[in-house]
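Trainee: Next input, structure requested:
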Amino acid sequence: MKGSRPFARARCCAVVAATLLLATRGYAQTASRAAASSQLTTLVGVYTDSQAARGKDVYAGSCRSCHTPVSHTGVMFAKWWVHKPLSDLYTFVAKNMPKNDPGSLDPYDAADVVAYLLKMNQMPVGPSDMPPDVDSLKKFRIEVKRSTKSSPVRRKKKP
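Mentor: Purely as a prediction, here's the structure:
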């Protein structure tokens, strides 16, 4: 009987090691999936209609003289901003716009303009205004609906 004990111990250690390895691998995969699914996107609704309307007014007064809506929608918008944190877009607008007086927008006006850009790219509205706070906006990744990557304007088919 003494000769079989070392074998039993080795087998027990192997079973414990295999169990720990599988448990660690399963935990890592579960944690990875949870982290990916917990990332919020702009498709959850991060602005209100009234905020986008205010942003449209600011855009008309401060942005339209240099920019067209086409430069901020569809493929062009996706090329620059998709998969980036919403805070990047807000910071860009707040620090670099308007072109003729960079950084002169009030933080709330900059947030309103970003809300208008999101609305122009057919992102859903939410229950509250988007705050002019970089740390809050870092939580959200910019995503667009697949249909907005082509063109925001749909033309009617000829009969």
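Trainee: C-alpha only now, for contacts and for neighbours.
Mentor: Will do.
Trainee: give the contact list for residue 49.
Mentor: Contact partners of residue 49, counting by Cα atoms under 8 Å, 6 or more residues apart in numbering, are residue 125.
Trainee: give me the number of residues near the nearest residue to residue 70 once chain neighbours are set aside?
Mentor: Leaving aside its sequence neighbours, residue 70 sits nearest to residue 76 (Cα to Cα, 6 or more residues apart in numbering; 7.6 Å). As a burial measure, residue 76 scores 14 neighbours (other Cα atoms under 10 Å).
Trainee: Ok, residue 85 next?
Mentor: That count, for residue 85 with other Cα under 10 Å as the rule, works out to 20.
Trainee: what does residue 64 give?
Mentor: For residue 64, the count of nearby residues is 13 (other Cα under 10 Å).
Trainee: Residue 72 versus that one, what's the distance?
Mentor: 11 Å (Cα to Cα, to the nearest Å).
Trainee: sorry, back to before: tell me the SS of the residue nearest to residue 70?
Mentor: Put simply, residue 76 is helix when judged by DSSP: H, G, I helix; E, B strand; the rest coil.
Trainee: In this protein, where is pLDDT below threshold?
Mentor: For the chain, the stretches with pLDDT under 70 are 1-38, 147-159.
Trainee: What are the boundaries of the helices in it?
Mentor: Taking DSSP state H, the helices of the chain run over residues 4-38, 49-62, 74-81, 86-96, 107-120, 134-137.
Trainee: quick check: angle from the third one to helix 107-120?
Mentor: What separates the directions of helix 74-81 and helix 107-120 is an angle of 130 degrees, with axes from the mean of the first three to the mean of the last three Cα atoms, to 10 degrees.
Trainee: Alpha carbons of helix 74-81, as PDB, please.
Mentor: In PDB, the C-alpha atoms belonging to helix 74-81 read as follows (Å, rounded to 0.1, in the frame of the first residue of the first chain):
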ATOM      1  CA  GLY A  74     -22.000  59.800 -42.500                       C
ATOM      2  CA  VAL A  75     -18.700  58.400 -43.800                       C
ATOM      3  CA  MET A  76     -16.700  61.500 -42.800                       C
ATOM      4  CA  PHE A  77     -18.000  61.500 -39.200                       C
ATOM      5  CA  ALA A  78     -17.400  57.700 -38.900                       C
ATOM      6  CA  LYS A  79     -13.900  58.000 -40.400                       C
ATOM      7  CA  TRP A  80     -12.800  60.600 -37.700                       C
ATOM      8  CA  TRP A  81     -14.800  59.500 -34.600                       C
END
